[in-house]
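Participant: Turn this into a model:
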Amino acid sequence: CPRASHPLITLNCGAIPAALFESELFGYEGGAFTGAEKKGKPGKLELAQGGTLFLDEIGELPLDLQVKLLRVLQDRCFYRLGGTVPITVSTRIIAATNRDLEKMINAGMFRKDLYYRLNVITLEVPPLRERPEDIMPLVRKYLAKFNKRLNDHKQIDPDAMAVLLKYDWPGNIRELQNIVERLILTTKESVISVDNLPGFMAGIRNLPSRTQDTSMTLNDVLDQTEKQLLMQAMGKYKSIWEI
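Facilitator: Next comes the predicted model:
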């Protein structure tokens, strides 16, 4: 991909006040408004030149800003705030949302023309509860990440991991990430156990029989979980592999 060696710039449409969004996206010239830097500042579009601009939470973008974004997508050029020279841009746009944009269109909250301009290729990311095989590697990833950040060395025991595998994760990966960080911060022992898990997980603490053996290690649980997932896949897709 020719854009692979160029910048990937991200912009969260829901985290920036509407009054600042335009300057963040398009940039501004020096003295364009009170508090502006004298030398001006390039916007995210300019910084992503030749690469990719990722617009997260696109459904939170106000209607008036949707018009301006649409114009950029159509014309491939824009002006900095306070600028008079058009800037031509070649940037791939990737947009993400957890909202139903078609319902928002019917409610008059999202522009139909922008939706169809963005909706060239659609990738649906299933919720975490529909891909339990991802839970364990994600827990291990964030355990390593936050251990490093917090200068800690916490581990998680098989029983606690089994509970995390059974939880529905309504907040998806962000919830998982936050819970792992919380467990590292609040667990005094070096190993996170079932007793350290949040109280709202109490209803799913009836562990599978395979984890009742206290001699099992985390690697044993990993191996058994992997085997179970492979067997489920064999039943669904009629694989001829044997386990």
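Participant: From here on, just use CA atoms for contacts and neighbour counts.
Facilitator: OK.
Participant: give me the number of residues near the nearest residue to Ile192 once chain neighbours are set aside?
Facilitator: Using Cα to Cα, 6 or more residues apart in numbering and skipping residues adjacent in sequence, the residue nearest Ile192 is Ile156, 4.5 Å away. Neighbours of Ile156 under the rule other Cα atoms under 10 Å: 20.
Participant: can you check Arg3 too?
Facilitator: Neighbours of Arg3 (other Cα under 10 Å): 15.
Participant: Find me the pLDDT at it, would you?
Facilitator: Looking at Arg3, its pLDDT reads 82.
Participant: what's the burial count for the nearest residue to it once chain neighbours are set aside?
Facilitator: Spatially, and ignoring its direct neighbours in sequence, Arg3 is nearest to Gly51 (4.8 Å; Cα to Cα, 6+ apart). Neighbours of Gly51 under the rule other Cα under 10 Å: 21.
Participant: Wait, Gly51 touches Leu45, no?
Facilitator: No: between Gly51 and Leu45 no contact is recorded; they are 9.5 Å apart, counting by Cα atoms under 8 Å.
Participant: joint contacts of the two?
Facilitator: Thr91 (Cα atoms under 8 Å, 6 or more residues apart in numbering).
Participant: where's the residue nearest to Ile192 relative to Glu133, distance?
Facilitator: 17 Å (Cα to Cα, to the nearest Å).
Participant: Could you list the low-confidence segments of this structure?
Facilitator: 1, 34-36, 205-243 (pLDDT under 70).
Participant: again, 80 this time
Facilitator: Residues of the chain meeting the criterion pLDDT under 80: 1-2, 31-38, 202-243.
Participant: And the strands in it?
Facilitator: For the chain, the strands defined by DSSP state E cover 8-12, 27-28, 41-42, 52-56, 77-78, 87-88, 92-95, 155-156, 191-192.
Participant: Could you look over those and pick the most buried one?
Facilitator: Ranked by mean neighbour count under mean count of other Cα atoms under 10 Å, the strands of the chain are led by strand 27-28, which reaches a mean of 24.
Participant: circling back to that earlier point, run through the residues that contact the residue nearest to Arg3.
Facilitator: Gly51 makes contact with Arg3, Ala4, Ser5, His6, Pro7, Leu8, Ser90, Thr91, Arg92, according to Cα under 8 Å, 6+ apart.
Participant: do that again at 6 Å, thanks
Facilitator: Arg3, His6, Pro7, Leu8, Thr91 (Cα atoms under 6 Å, 6 or more residues apart in numbering).
Participant: got TSV for the residues you listed, with distance to Asn172 too?
Facilitator: Converted to TSV, those look like this (distance: Cα to Cα, whole Å):
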residue	distance to Asn172
Arg3	30
His6	30
Pro7	27
Leu8	24
Thr91	30
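Participant: Closest to Pro126 out of the residues you listed?
Facilitator: Leu8 (23.5 Å; Cα to Cα).
Participant: Tell me what that closest one is bridged to.
Facilitator: Using DSSP bridges, the beta-bridge partners of Leu8 come out as Thr52.
Participant: Can you tell me how far the residue nearest to Arg3 is from Arg76?
Facilitator: From Gly51 to Arg76 the distance is 14 Å (Cα to Cα).
Participant: Glu29 now?
Facilitator: 19 Å.
Participant: Give me the more crowded residue out of those two.
Facilitator: Glu29 (20 against 14).
Participant: so the more buried one makes contact with Gly40?
Facilitator: Yes: using Cα atoms under 6 Å, Glu29 is in contact with Gly40, at 4.2 Å.
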